[in-house]
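1. Here's my sequence, what's the structure:
(4 chains)
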2 protein chains.
Amino acid sequence: MDARTKQEYQARARVIKAMAHPSRLFILDELSRGERCVCELRDMIGADISTVSKHLSVLKDAGIVEDEKRGLQVFYRLRVPCILNFFGCVEDVLVANARRLSADIGK
Amino acid sequence: MDARTKQEYQARARVIKAMAHPSRLFILDELSRGERCVCELRDMIGADISTVSKHLSVLKDAGIVEDEKRGLQVFYRLRVPCILNFFGCVEDVLVANARRLSADIGK
DNA sequence: AAACTATTTGGTTATTTTGCCAATCAGCAA
DNA sequence: TTGCTGATTGGCAAAATAACCAAATAGTTT
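-> Numbering: from 1, shown residues only, chains lettered A, B, ... in the order given. As a prediction, this is how the structure comes out:
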């Protein structure tokens, strides 16, 4: 794998890594239904607002979400909607895992 | 977010986290073209074979790939092909990022 | 059985990530 | 200006990841 190819995979990994956290997945799922301010997300997630803010900045740095300040609040929304395609496939993996698990128990 | 919902997002994050590494993304991309043995992947990635083996076990534990031993070699293949849908979207994010970057420079 | 090959596992160290608290910043209201 | 609210930033300790080497395992060949 040459240096150029390596960089390409690093760039891709950076995007996926940004999604690889329960709270951040939740945020993406929620934003798929429309924009939300930080305080709404904090209420739903139940973590410190600084924690939620940092999760959002991870998503923003990766280019997955964008923000807009209106008055006191900052609203976040998805920047690239295709992100949602991910969920269906992840669900497929989980279903397959569940099936394997019950098959293994059957043995 | 109740405990049950939290667990669901944790399960999803586990799958995505398994993909969130350059070498593991490369492996998935490569496996999309057919099964490969560990030594082939090691040659392509250029890391220690123990490192590659551990990456593969991360993907396997997540239920994304499966392995089969034939003779001395262990072959890995994708277990859930829809994983590949991810790449297209990740690419979209990267293209959008590149566009934003050049727009910012233009300012 | 002994030597050899392909892979996995254990252990160590370095690095990254996470989550909270405290402090700061930005916008609005009194 | 002063205070209040929403959000971000800096800093720290705990936890999770990553890569390598060395050792162990499994299967082949001689």
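2. then the biggest helix by length in chain A to CSV, C-alphas only?
-> Longest helix of chain A, by residue count under DSSP state H: helix A:85-106. Extracted as CSV, the C-alpha positions of helix A:85-106 are listed here (Å, rounded to 0.1, in the frame of the first residue of the first chain):
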residue,chain,number,x,y,z
ASN,A,85,-27.9,4.6,4.6
PHE,A,86,-25.4,3.4,7.1
PHE,A,87,-28.0,2.5,9.7
GLY,A,88,-29.9,0.0,7.6
CYS,A,89,-26.7,-2.0,6.9
VAL,A,90,-25.6,-1.8,10.5
GLU,A,91,-28.9,-3.2,11.4
ASP,A,92,-28.4,-6.0,8.9
VAL,A,93,-25.1,-6.9,10.7
LEU,A,94,-26.8,-6.9,14.1
VAL,A,95,-29.6,-9.1,12.8
ALA,A,96,-27.1,-11.5,11.3
ASN,A,97,-25.2,-11.5,14.6
ALA,A,98,-28.3,-12.3,16.5
ARG,A,99,-29.1,-15.1,14.2
ARG,A,100,-25.6,-16.5,14.6
LEU,A,101,-25.9,-16.3,18.3
SER,A,102,-29.1,-18.2,18.5
ALA,A,103,-27.7,-20.8,16.0
ASP,A,104,-24.7,-21.2,18.3
ILE,A,105,-26.8,-21.7,21.3
GLY,A,106,-28.8,-24.3,19.4
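3. That one close to chain B?
-> Yes: Helix A:85-106 is in contact with chain B by CB under 8 Å from any CB of the partner chain, via A:85-94, A:96-97, A:100. From N, CA and C alone the C-beta is placed, and that goes for glycine too.
4. Please, where are all the helices along chain A?
-> Under the criterion DSSP H, helices of chain A are mapped to A:3-19, A:22-31, A:38-45, A:49-61, A:85-106.
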